[in-house]
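> Need a 3D model of the sequence below.
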Amino acid sequence: MLGKEFDVLSEMDPYLEFKFDGRTYDSAPVLRNAGKNPIWRQHFDLLPAVSSVEMQICMFDEDVVNDDEVGTAKEVIDNIPQDLETVSLDLLNADEKVGIIRFKISCREYVNSRIRKR
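Okay, the predicted model is just below:
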């Protein structure tokens, strides 16, 4: 959820790139003409090396010539919850809050090559 529109001539075409536990993951798909309240419905299985991990989420607005960085959210997540939990992070651009990113996170462990909830 963004506090202002970043694309002056049209609706924003936002996408996300994120880093988790020092690894960069594929960006979320571009949402054409999504405006200030884009919603991505994606699921990722990530394997943190330790129980405390740093997460960084960057939002961009896709443009014809150069993509604009809308903002970045960073957080160190200690003790990833076993049950699904909603996390809200401030999206910052040059230390100014420009929006909020919300996502759900939970911990699962690999046992015998299968994911099992703790």
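
> from here on, contacts and neighbour counts on C-alpha atoms
Fine.

> Quick one: the strands in the chain, in order.
14-20, 23-25, 53-61, 68-77, 85-93, 96-105, 108-111, 114-117 (DSSP state E).

> Among those, which comes closest to L31?
Closest approach to L31 among the strands of the chain (C-alpha to C-alpha): strand 14-20, 5.6 Å.

> Need the contact partners of that closest one.
Strand 14-20 is contacted by residues 24-32, 34-35, 38, 46, 48, 53-62 when judged by C-alpha atoms under 8 Å, 6 or more residues apart in numbering.

> at 7 Å instead, please
24-31, 34, 53-62 (C-alpha atoms under 7 Å, 6 or more residues apart in numbering).

> Please report the distance of the nearest residue to I57 once chain neighbours are set aside from F44.
Among residues not flanking I57 along the chain, F18 sits closest, at 4.3 Å (C-alpha to C-alpha, 6 or more residues apart in numbering). Taking C-alpha to C-alpha, to the nearest Å as the criterion, F18 is separated from F44 by 11 Å.

> So between these two, which is more surrounded?
Set side by side, F18 and F44 show more neighbours around F18, with 19 against 7, by other C-alpha atoms under 10 Å.

> That one bridge partners, please.
Applying DSSP bridges to F18 yields these beta-bridge partners: Y25, I57.

> would you list the strands of the chain in CSV and tack on mean pLDDT?
As requested, the strands of the chain are arranged in CSV below (pLDDT from 0 to 100):
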stretch, mean pLDDT
strand 14-20, 87
strand 23-25, 81
strand 53-61, 88
strand 68-77, 89
strand 85-93, 88
strand 96-105, 87
strand 108-111, 58
strand 114-117, 48
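
> before we move on, back to that, name only those of the contacts of strand 14-20 that count as buried.
Neighbour counting by 16 or more other C-alpha atoms under 10 Å classes 30-31, 53, 55-62 among the contacts of strand 14-20 as buried.

> burial measure for the spatially closest residue to T86 that is not a sequence neighbour, as a count.
Computed as C-alpha to C-alpha, 6+ apart, the closest residue to T86 that is not its neighbour in sequence is K104, at 4.3 Å. Using other C-alpha under 10 Å, the number of residues around K104 comes to 11.
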